[in-house]
Each structure stands twice: as structure tokens, then as C-alpha cells.
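Enquirer: Got a predicted structure here, sequence first:
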Amino acid sequence: MDAIETILSRRSIRQYTAEPVSETDVETILRAAMAAPSAGNQQSWRFVVTTDRAQLDAMAGTTPYGTILRAAPLAITVCADTRDLKHEVMWQQDCSAAAQNALLAIHALGLGAVWLGFWPKMERVAPLRAVLGLPEGVEPLCVLAVGHPAESKPPADRYDPSLVHRERW
């Protein structure tokens, strides 16, 4: 699958088979995530890979949309180590770019995923931090629920030329 096809055909997948995701695929996903651009090349991202069913179920209780994690065989939590940043306010952008790269890699591998947002909703962040045992200064941006798709969704054509302004607003 080429890059444009991957981007245009990726969809959020919320239902998965029980088949585990291979360690080779996990490494490929993480390599893609870490290939993202970052402000000043600070690479603040950190990742928590979760496959343990009890841990996934505990993570599910930290967000109103957590039922997805009860069916997913894998979760990748995209975090930032904010303790020694060159560009303190840019970690959300750095980690968002890493998460998007991961989502595209997941789709290109024939897997499915959905982005579960946490930061800046502190009522979600605090319980997730506790479940994952994140140290002070490590902030979770999002959790990617990942697995082999048990649903199929056609690509959505979201291009809308009325949203494009040229030269000036």
C-alpha cells in the first residue's frame, strides 16, 4: 500500500479479533511513531505497550470510551517525558505526530486502531497515570487501541474545497 492510499483509506477501527499483534508488527509501529518530526528534534515521546488482559481492562476504566480496550489485544499509550524539554509547549504536537505515524503504520500492516484521547482531560489523565504507574513529569496524550480488524469500514472522502482558503482567509 503506498503512502497516499494508506492515508486516504485509514479509518478508526473499534472491533478486533482475539488474534494477538506480533512483536514484529509492534516494533514496526513504534519505529514509524519514532520517525515523526518533533520540535527541535527533542523526541519527547515515550510509549507504554500493553498486552496483558487485566491491565487492558484496568485501562478501560479510565475513560468513558474504554470499552474498546476490553476487546483490543494491544494498547499503545503515547506519552511525553516533560521533565527536560527544549520546547516545553510543543510536546503535544510532537506526540500527536508520533501517534498519527503509528496509526498509518498500523493500517499499512493490515491492522486496525482507534485513537482514545486523554490529554488535556485531567479526569482521564490522572486515573490512566495511576494504572500505568507513570512517573511525575510523564504525561499520557492518547491511547491507541490496536488489533486485527473484526469490522470493515469503507474509506471516507472528507475532502471539502469550501474549507480551503488561498493566499488569505
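Expert: Cool, got the structure. Numbering: from 1, shown residues only.
Enquirer: Surely residue 77 forms part of a helix?
Expert: No: counting by DSSP: H, G, I helix; E, B strand; the rest coil, residue 77 is not found in a helix; it is strand.
Enquirer: Next, the residue positioned nearest the centre of the chain: secondary structure please.
Expert: Residue closest to the average C-alpha location in the chain (CA atoms, centre = their mean): residue 144, at 3.7 Å. When classified by three-state DSSP, residue 144 comes out as strand.
Enquirer: and it, what is it in contact with?
Expert: The contact partners of residue 144, by CB atoms under 8 Å, 6 or more residues apart in numbering, come to 75-78, 99, 102-103, 106, 113-116. In this view, the C-beta of every residue, glycine as well, is placed from N, C-alpha and C.
Enquirer: Now those residues in TSV, please, with extra columns for pLDDT, distance to residue 59 and neighbour count.
Expert: Shown next, in TSV, are the contacts of residue 144 (pLDDT from 0 to 100; distance: CB to CB, whole Å; neighbours: other CB atoms under 10 Å):
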residue	pLDDT	distance to residue 59	neighbour count
75	98	6	24
76	98	11	24
77	98	8	24
78	98	13	25
99	98	16	24
102	98	17	28
103	97	18	26
106	97	18	27
113	97	15	31
114	97	14	22
115	97	14	17
116	97	9	26
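Enquirer: Dump the residues you listed to JSON lines, plus distance to residue 129.
Expert: Converted to JSON lines, these look like this (distance: CB to CB, whole Å):
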{"residue": "75", "distance to residue 129": "15"}
{"residue": "76", "distance to residue 129": "16"}
{"residue": "77", "distance to residue 129": "10"}
{"residue": "78", "distance to residue 129": "14"}
{"residue": "99", "distance to residue 129": "18"}
{"residue": "102", "distance to residue 129": "20"}
{"residue": "103", "distance to residue 129": "23"}
{"residue": "106", "distance to residue 129": "24"}
{"residue": "113", "distance to residue 129": "22"}
{"residue": "114", "distance to residue 129": "21"}
{"residue": "115", "distance to residue 129": "18"}
{"residue": "116", "distance to residue 129": "15"}
